[in-house]
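> Return atomic coordinates for the entry below.
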Amino acid sequence: MKQSPLIIVRRLDANHDPVYGGGAGDFLTDIYAVAQIIQTSLLLFQGEWWNNLSVGLPLFQQIISKAENNRQQIIALLIQQTILGSSTFVTAVTNVKFVYNAPTRSFSYACRVQTAFGTVGVTFEPGNLAVLPIAA
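Here you go, the predicted model:
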């Protein structure tokens, strides 16, 4: 007997617009739903959502607004905090890899996210993002 999904969200297309017209195929469940929630959490800038200005990645407030020592550690922790706060089904963030390019002031971030449904692989670089369930 198939277990009912614990979480269901509407699927987003490549432009992050909701998908309609495909019936049940327009929805994601469990690990795929959590993967999409993580992705949208990283794409949401803090202060962007009018209903709750405190949610989202503090890109302008804390990541690119100040030049300090140890920026890499601070940025990695802020991304990790955003991922951990994205869903109650996220249980841990492991295998964090952060690469900072000082001359271009760009960075990339990768990790594995443990969820109640399995592991999700996350790679994040502003402008490019991948969040994929990892086969068990």
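> What score does the residue nearest the centre of the chain have for pLDDT?
Against the mean C-alpha coordinate of the chain, by C-alpha atoms, centre = their mean, the closest residue is Ile38 at 3.0 Å. Predicted confidence (pLDDT) for Ile38: 93.
> And the next helix or strand past whichever strand or helix holds it?
Element membership for Ile38, per DSSP states H and E: helix 30-43. Scanning forward in sequence from helix 30-43 by DSSP H and E, the next helix or strand is helix 71-84.
> from the middle of its chain, how far away would that next one be?
Centre-to-centre, helix 71-84 and its host chain are 11 Å apart (C-alpha atoms, centre = their mean, to the nearest Å).
> circling back: for the helix holding Ile38, enumerate the helices and strands it packs against.
In terms of contacts (3 or more C-beta pairs under 8 Å, 6 or more residues apart in numbering; DSSP states H and E), helix 30-43 is packed against strand 8-10, helix 71-84, strand 106-115, strand 118-125, strand 128-134. For the C-beta atoms, the positions are set from N, CA and C on the backbone; glycine is no exception.
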